[in-house]
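J.: Please work out how this folds:
(one chain, ligands or ions: 2)
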Amino acid sequence: MINFILGLFSYDLAIDLGTANTLVYVRGKGIAIRENTAVARSKRARETLAIGSAAAKMLGKTGKSIEVVRPLRAGVISDYSAAAVLLTHFIHKVHQSGTFHPRIPRPRVVIGIPSSINEVERKAVREVALKAGARKVYLVPETVAAAAGVIKNFSLESVAAVIDVGGGTTDIALISSGREVESVSLRTAGDKMDADIIEFVKLRYSLLIGEPTAERTKIALADARPAKDVFQVIRGRDLESGLPRSVKISNFEIYNALKSSFDEIVEASVALFEGAPPELISDIMQSGVILSGGGALIKNLDVVLSQALNIKVKLAEDPLTAVVRGCAKLLSDRPLLKKVSHV
Ligand code: ADP
Ligand code: MG
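T.: Residues are numbered from 1 along each chain as shown. Ligands and ions are numbered 1, 2, ... in the order given. Now for the predicted structure:
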């Protein structure tokens with residue numbers, strides 16, 4: 001009863017708890033939070049120092065006494081307490097700006113989760129959300145959420161294929177009757193590409209760069225096809241002298257550094273399609289494949305995938321928000337939500 005009453009003063013929420021970014025949609029208001037999935041804390045006392053984008057800004061700049069953790073790095077909750085701190089903070093934050101200020105918000109929450117996570121990990125996500133104050137938690141596979149976000153009148157009759165290139169994982173799935181019929185999750189995604197760039201710059205230029213620099217370089221120069229027409233100056237620390245140094249690199253060099261990652265995503269997609277029921281593929285050939293997640297913005301990734309699969313690949317509109325928009329749509333269609341979620 002008390003939950004019910006507190007629930008009346010809480011907003012229903014859709015959350016994309018991504019490995020790189022967490023987005024929170026507030027029913028009736030829109031996307032209220034869009035921040036990095038990161039927490040900064042002191043190493044000794046484990047005191048939380050910053051949450052979200054503020055914590056991510058500290059990445060690579062903190063001394064030995066502070067650590068910046070990404071609680072979902074590999075697509076699963078690897079740091080339970082940091083994930084709980086983050087979710088609790090965001091759930092409270094969206095309630096603070098409302099007309100009512102429930103001291104203990106008890107919202108209904110739809111969360112997009114990676115398809116690869118097992119029963120135990122799903123339970124962990126649910127527990128984190130309940131601990132953060134949710135009174136009811138619906139877990140929806142993020143590829144299904146992305147399809148719901150992109151397809152206009154998404155229903156149980158919809159057939160879809162989704163390739164979601166996120167930070168920690170790339171999730172590829174064929175969807176029918178609101179479920180993943182075939183799916184695969186790769187650890188090859190944005191973070192791996194950043195690591196590829198760090199490694200390349202180290203080997204080729206004896207220069208040490210941090211993750212934020214690698215990510216900026218990727219966003220500026222990554223192209224799934226070889227081209228040499230864009231250059232970027234990057235700064236780092238010389239491996240031998242230890243002094244600051246800068247080098248100019250091209251999109252062609254970054255293409256070579258990332259090629260194996262691109263190939264892995266393409267090959268896994270082809271393998272999944274090859275093993276799929278022919279009728280499903282025939283429907284997907286008409287609807288096309290949805291490309292979502294931040295990695296979808298890599299230049300020409302849609303073109304390369306389309307050529308390899310021999311099916312039209314459509315870049316989702318605003319690919320970084322597809323999952324949270326899909327979760328939001330499901331929030332307002334309770335019967336559909338019940339069918340597609342793990343309650
Ligand atoms: P997750 O769902 O795992 O949190 P996102 O879908 O939010 O991941 O995508 C984050 C990843 O996308 C990061 O690795 C980020 O560097 C990458 N990314 C964001 N924008 C771009 C871009 N324009 N080009 C290439 N990669 C991008
Ligand atoms: Mg995601």
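
J.: The residue in the stretch 1-150 of the chain positioned nearest to ligand 1: neighbouring residues, count only.
T.: In the stretch 1-150 of the chain, the residue that lies nearest ligand 1 is residue 18 (2.1 Å; Cβ to the nearest ligand atom). (C-beta placed from N, C-alpha, C; glycine too.) Residue 18: 26 surrounding residues under other Cβ atoms under 10 Å.

J.: And for the lengthiest helix in the chain, what's in contact with it?
T.: Criterion DSSP state H: the longest helix present in the chain is helix 251-274. For helix 251-274, contacts defined as Cβ atoms under 8 Å, 6 or more residues apart in numbering pick out 161, 163, 165, 170, 172-174, 182-184, 186, 188, 192-193, 196-197, 199-200, 204, 217-218, 221-231, 281, 301, 304-305, 308-309, 311.

J.: So which of those residues are in strands?
T.: Per DSSP state E, strands hold the following members of the contacts of helix 251-274: 161, 163, 165, 170, 172-174, 182-184, 186, 231.

J.: would JSON lines of those residues with distance to residue 47 be doable?
T.: Conversion of the ones in strands among the contacts of helix 251-274 to JSON lines gives the following (distance: Cβ to Cβ, whole Å):
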{"residue": "161", "distance to residue 47": "45"}
{"residue": "163", "distance to residue 47": "40"}
{"residue": "165", "distance to residue 47": "35"}
{"residue": "170", "distance to residue 47": "35"}
{"residue": "172", "distance to residue 47": "40"}
{"residue": "173", "distance to residue 47": "40"}
{"residue": "174", "distance to residue 47": "45"}
{"residue": "182", "distance to residue 47": "45"}
{"residue": "183", "distance to residue 47": "39"}
{"residue": "184", "distance to residue 47": "39"}
{"residue": "186", "distance to residue 47": "36"}
{"residue": "231", "distance to residue 47": "43"}
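
J.: Pick out the most distant pair among those residues.
T.: The largest distance within those, taken as Cβ to Cβ, falls between 182 and 231 and amounts to 40.8 Å.

J.: which parts of the stretch 1-150 of the chain sit against ligand 2?
T.: residue 18 (Cβ under 5 Å from the ion).

J.: Enumerate every residue touching the residue in the stretch 1-150 of the chain that ligand 2 sits nearest to.
T.: Distances between the stretch 1-150 of the chain and ligand 2 by Cβ to the ion are smallest at residue 18, namely 3.8 Å. Residue 18 makes contact with 37, 72, 112, 142, 166-167, 323, according to Cβ under 8 Å, 6+ apart.

J.: Which members of these are positioned in helices?
T.: The helices, defined by DSSP H, take in 142, 323 from the contacts of residue 18.

J.: are any of the contacts of residue 18 buried, and which?
T.: By neighbour count, with 16 or more other Cβ atoms under 10 Å, the contacts of residue 18 hold 37, 72, 112, 142, 166-167, 323 as buried.

J.: Got phi/psi on the residue sitting furthest away from the middle of the chain?
T.: Using Cα atoms, centre = their mean, the residue of the chain lying farthest from its centre is residue 241. It sits 37.5 Å away. Residue 241 adopts backbone torsions of phi -80, psi -20, taken as degrees, to the nearest 10.

J.: same deal with the one 4 residues further on?
T.: Here the main-chain torsion angles of residue 245 (degrees, to the nearest 10) amount to phi -150, psi 150.

J.: Need the pLDDT of the closest residue to it other than its chain neighbours.
T.: Nearest residue to residue 245 in three dimensions, chain neighbours excluded: residue 238, at 4.5 Å (Cβ to Cβ, 6 or more residues apart in numbering). Listed pLDDT for residue 238 reads 98.

J.: Perfect, I'm done here.
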